[in-house]
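K.L.:
heads up, no residue letters with this:
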């Protein structure tokens, strides 16, 4: 099945698959950022694939000079009992990725969390605001360049 996923994506969206890898039965497909919504629609609506659940959307800080961040989409097909992982590479100079909330409404909270912790903006998101950190907090705690002990006086703490 894993080969047919890549083949179907390549056939329906020529040039959008940047690469793929399989490790211990888990398929990862790297998709161009501008094609992520269409790739998700193909995986969801294709009757043979039927990836009808978004399990998670998360950010990864690879801390490399080019395409520093990854947005990872873990998808599941109830019909086929299969998982697939999609990745989008994001450069620090343009931290935007189209939202997939139009494909799976359940991606809403996951995208908000990724925005809050990494600063990746999901364009077209219906309610993109911080979840954990205050609105005025100007940092993103899960980036690798964020200090382990935090930034002194960046958050007002309650008085004793």
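P.N.:
Cool, the structure landed. Being a predicted model, the structure only gives us computed values, none of them experimental.
K.L.:
CA atoms for contacts and neighbours, from now on please.
P.N.:
Fine.
K.L.:
ok, now which ones touch the residue at minimal distance from the centre of the chain?
P.N.:
The centroid of the chain falls nearest to residue 71 when counting by Cα atoms, centre = their mean (3.1 Å). By Cα atoms under 8 Å, 6 or more residues apart in numbering, the residues touching residue 71 are 57, 58, 59, 60, 87, 88, 89, 90.
K.L.:
neighbours of the fourth one, just the number please.
P.N.:
For residue 60, the number of neighbouring residues by other Cα atoms under 10 Å comes to 17.
K.L.:
could you find the closest non-adjacent residue to it?
P.N.:
Excluding its sequence neighbours, the residue lying closest to residue 60 (Cα to Cα, 6 or more residues apart in numbering) is residue 70, at 5.0 Å.
K.L.:
direction included, what does the helix or strand encompassing that neighbour pair up with?
P.N.:
If you go by DSSP states H and E, residue 70 is part of strand 69-77. Sheet pairing of strand 69-77 (DSSP bridges) gives strand 53-61 (antiparallel), strand 82-90 (antiparallel).
K.L.:
quick one: the helices in this protein?
P.N.:
2-12, 36-45, 107-118 (DSSP state H).
K.L.:
what's the average pLDDT for the longest one?
P.N.:
Per-residue pLDDT values over helix 107-118 give a mean of 98.
K.L.:
so how far is it from its chain's centroid?
P.N.:
Distance of helix 107-118 from its chain centroid, counting by Cα atoms, centre = their mean, to the nearest Å, is 9 Å.
K.L.:
please apply the same query to the first one.
P.N.:
Shown here is helix 2-12, whose average C-alpha point lies 20 Å from the average C-alpha point of the whole chain (Cα atoms, centre = their mean).
K.L.:
average pLDDT across it?
P.N.:
Averaged across helix 2-12, the pLDDT comes to 91.
K.L.:
just the buried residues of that helix, please?
P.N.:
Buried residues in helix 2-12, defined by neighbour count with 16 or more other Cα atoms under 10 Å: 2, 5, 6, 8, 9.
K.L.:
fine, thanks again, bye for now.
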